[in-house]
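>>> got a predicted model here, sequence first, then my questions.
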Amino acid sequence: MYEVVAFYLFSGLTIGLFLVTVMSKNILYAMTSLAAGMVLISGFFFILGADFLGVVQLIAYVGAVMALYSFAMMFFDATRDIKEKNTNSALVFLLGGLSALVLVLMFAAPIHSDAITALYPMHEGVGNAQDVGIVLFTKYLIPFEVAALMLLVAMIAGIILAGKKMDQSLTEDMSADEILIQKDEK
Amino acid sequence: METTLVETLPHVTWVGVLIKAILILAIISAIAGFGTFIERKVLAWMQRRQGPLHVGPYGLLQLAADGIKLFTKEDIVPQNANKFIFMVAPIITAATAFIALAAVPVFPDFTIPSWIPLLGDTFVPAIAADLNIGILFVLGMMAAGLYGPLLAGMSQANKWGIIGSARTAVQFLSYEVVTGLSILAPIMLVGSLSFVDFNSYQAGGITSWLIWQQPVAFVLFLIAGFAETNRTPFDLLEHEAEVVSGYATEYSGMRWGMFFIGEYANMITVSIIAAVVFLGGYSEGTLGLAILLKVAFFFFLMLWVRAAWPHVRPDQLMWLCWKVLMPIAVINVVITGIVMMV
């Protein structure tokens, strides 16, 4: 009973918030509703008893990904509305049609719900974290390691991109920018 | 929500959880208010002043005076601000701080005496929502708490606010890494994410406390905890001398007060995590007095550090996080892993 009420509450709120994300022309509304929707999605994991994944959803998406998005949004004036430029209406038509198709398929999917079984059901008495860990380090070991490697590559690339002025302090030496300009001129 | 319960305890009903939630809200809000008084007194004594004196005995009623001031002040919303987000942001801070408190052991459990009508014999648990991944949940909720200052700064159409919210994003994101990595080593030793398991792991007295096995992780967690709660050596979000009041520049009255309550609730949460994870946790025999003393010590430590240390610069803060604390935390995790395997 509680699960049903919670499910419909979370579903309605999530869909509503993500609609705001898509429809709003204000950066701040879009960002806030996206973050709030991410929080509510973790609610679904909690309803299903997957506490660990729910918390990972919170930490990874709400705490890290959305926070990075919002950091990028600092460069805009967040209190103004955005005028969207629509240059390619054929693309919009195509993407809209594809989205509608995916939506129809998603709504039609429960017809075959009896064919869906849990590949890795939860074990009684074993924590979520242990279950996820065992699957991650046995069946999905190679994708896991590849993801780790890709993150390492991205990290090194990020350091190289950002590290041009790392040997100079921006606050102690006020002319760090000027030195760099002089170097470029030479 | 799925709960793991210690088997000897009575059954936890939703009434008990509700009572617990109301207790947490009421008592922690009151403690947050009282914390401001303690903070002013402790700071005053450390700086050879007297602190609040004139309102009531020892200035105790200063609390009531401040409360009346906060509640009756005009609630100003700036003209060009995004009004809805501006008004919601302080609620996010306070709410996430209190939600985080739902998963930590706050007061000892008790049963309401049976002569009380309606609620008699209700068992009130020590932890409102006893998740078996409690530590992660608290860290995740504190991570979500960064949206309070962030949205506050971005919505108020004030440049100091924007700088404050940029600092929020940078500081909280960076120090979350250190908090997570530093607490990972004790988690590896205990093999669980539940506060109950941490408590029973350290049940053998002072010698079994995790601080003796993980002193480095303890120091790292404390430093990162200061940054995550926006306490003084790292309170760059609202550093008066640099950015007026950062994200809180345009706030007044109770909305500003909610940021304050959220900050103090987070201080209490971090103190409780430090006490449960590193200093032995709560014991059954002493009516929970031990954990109260430990939490009070950490709370005092935060005030002490505020009196003793100046602010750091933003670049020093980032230097400390990424070039000092994070490598030490990673090395600590690796060494812990090697010691456990050998």
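That came through, no problem.
>>> burial measure for the residue of the stretch 101-250 of chain B found nearest chain A, as a count.
Closest to chain A within the stretch 101-250 of chain B is B:A143: 3.0 Å, counting by Cβ to the nearest Cβ. For every residue, glycine as well, the C-beta is placed using N, CA and C. Applying other Cβ atoms under 10 Å in any protein chain shown, we find 24 residues neighbouring B:A143.
>>> same question, B:S174
As a measure of burial, B:S174 has 19 neighbours, counting by other Cβ under 10 Å.
>>> just B:V333 next, same as before
Other residues close to B:V333 by other Cβ under 10 Å number 17.
>>> could you find the closest non-adjacent residue to whichever residue of chain A sits closest to chain B?
Proximity of chain A to chain B (Cβ to the nearest Cβ) peaks at A:G63, 3.0 Å away. In space, and not counting its chain neighbours, A:G63 is closest to B:A143: 3.0 Å by Cβ to Cβ, 6 or more residues apart in numbering or on different chains.
>>> what helix or strand does that neighbour sit in?
helix B:134-144 (DSSP states H and E).
>>> pull the residues that contact that helix.
Helix B:134-144 has contacts (Cβ atoms under 8 Å, 6 or more residues apart in numbering or on different chains) with A:39, A:51-52, A:55-56, A:58-59, A:62-64, A:67, B:96-97, B:99-100, B:103-104, B:127, B:129, B:131, B:172, B:176, B:179-180, B:183, B:187, B:193-196, B:198, B:228, B:266, B:269, B:273, B:277.
>>> and the residue of the stretch 101-250 of chain B closest to chain A, what's its pLDDT?
Per-residue pLDDT puts B:A143 at 83.
>>> then the one 3 residues further on?
The model reports B:L146 with a pLDDT of 85.
>>> check A:E145 too.
So A:E145 comes in at 92 (pLDDT).
>>> near chain B, which residues of chain A show up?
With Cβ under 8 Å from any Cβ of the partner chain as the criterion, chain A meets chain B at residues A:26, A:28-29, A:32, A:35, A:39, A:46, A:49, A:51-52, A:55-56, A:58-59, A:62-64, A:67-68, A:70-71, A:73-74, A:78-79, A:127-129, A:169-171.
>>> show me what contacts the nearest residue to B:G59 once chain neighbours are set aside?
Leaving aside its sequence neighbours, B:G59 sits nearest to B:P52 (Cβ to Cβ, 6+ apart; 3.2 Å). Going by Cβ under 8 Å, 6+ apart, B:P52 touches B:F37, B:R40, B:K41, B:A44, B:G59, B:Q62.
>>> would you map out the domains in chain A?
A:1-80, A:140-186 (automatic domain parsing).
>>> helices of the stretch 201-342 of chain B, residue ranges please.
B:210-213, B:215-228, B:240-243, B:253-278, B:289-308, B:314-319, B:326-341 (DSSP state H, counting those that start in this stretch).
>>> quick one: stretch B:270-285 near chain A?
No: Stretch B:270-285 does not reach chain A (Cβ under 8 Å from any Cβ); its nearest approach is 14.7 Å.
>>> list the buried residues in that stretch.
Buried residues in stretch B:270-285, counting neighbours by 16 or more other Cβ atoms under 10 Å in any protein chain shown, are found at B:270-283.
>>> and A:D81, backbone torsions?
phi -80, psi 150 (degrees, to the nearest 10).
>>> thought it was touching A:K25?
Yes: applying Cβ atoms under 8 Å, one finds A:D81 in contact with A:K25, separated by 4.4 Å.
>>> tell me where the model's unsure across the chain.
Because you didn't say which chain, this covers chain A. Low-confidence segments of chain A (pLDDT under 70): A:78-79, A:121-127, A:165-186.
>>> that's the other chain; I wanted chain B
Looking at chain B by pLDDT under 70, you get B:1-12, B:108-110, B:116-121, B:283-288.
>>> need the residues of it near chain A, please.
Near chain A, the residues belonging to chain B are B:1-2, B:80-82, B:84-85, B:88, B:131-133, B:136-137, B:139-141, B:143-144, B:146-147, B:150-151, B:154-155, B:157, B:162, B:165-166, B:169-170, B:172-173, B:176, B:192-193, B:313, B:315 when assessed by Cβ under 8 Å from any Cβ.
>>> neighbours around residue 132, how many?
With no chain named, the answer covers chain A. A:V132 has 16 nearby residues by other Cβ under 10 Å.
>>> other chain: chain B
20.
>>> state whether it is indeed within a helix.
No: per DSSP: H, G, I helix; E, B strand; the rest coil, B:N132 lies outside any helix segment and is coil.
>>> so it makes contact with A:V55?
No: counting by Cβ under 8 Å, B:N132 sits too far from A:V55 to count as a contact (10.6 Å).
>>> and the helices in the stretch 1-150 of chain B?
Using DSSP H, counting those that start in this stretch, helices in the stretch 1-150 of chain B cover B:14-46, B:62-72, B:83-102, B:134-144, B:147-155.
>>> tilt between the longest one and helix B:62-72?
In terms of direction (axes from the mean of the first three to the mean of the last three Cα atoms, to 10 degrees), helix B:14-46 departs from helix B:62-72 by 110 degrees.
>>> which strands and helices lie in contact with helix B:14-46?
Using 3 or more Cβ pairs under 8 Å, 6 or more residues apart in numbering or on different chains; DSSP states H and E, the elements in contact with helix B:14-46 are helix B:62-72, helix B:83-102, strand B:123-124, helix B:253-278, helix B:289-308.
>>> pick the most deeply packed of these.
Of all the helices and strands packed on helix B:14-46, helix B:253-278 carries the top mean neighbour count, a mean of 23, counting by mean count of other Cβ atoms under 10 Å in any protein chain shown.
>>> that one to helix B:215-228, inter-axis angle?
Going by the same axes, to 10 degrees, helix B:253-278 makes 170 degrees with helix B:215-228.
>>> quick revisit: in the contacts of B:P52, find the pair that's most separated.
Using Cβ to Cβ, the two most remote members of the contacts of B:P52 are B:A44 and B:Q62, lying 11.7 Å apart.
>>> quick check: B:I92 touching B:P149?
No: applying Cβ under 8 Å, one finds B:I92 not in contact with B:P149, separated by 9.0 Å.
>>> phi, psi for A:N26 please.
phi -100, psi 120.
>>> quickly note the distance from the residue nearest to B:I38 when sequence neighbours are not counted to B:Q47.
Spatial nearest neighbour of B:I38, excluding adjacent residues (Cβ to Cβ, 6+ apart): B:L303 at 7.1 Å. Per Cβ to Cβ, to the nearest Å, B:L303 is found 12 Å from B:Q47.
>>> B:L151: neighbouring residues, count only.
The burial count for B:L151: 27, using other Cβ under 10 Å.
>>> contacts only, for the residue lying closest to it once chain neighbours are set aside.
Using Cβ to Cβ, 6+ apart and skipping the chain neighbours, the partner closest in space to B:L151 is B:A89 (4.3 Å). For B:A89, the contacting residues are B:Y147, B:G148, B:P149, B:L151, B:A152, B:S155, by Cβ under 8 Å, 6+ apart.
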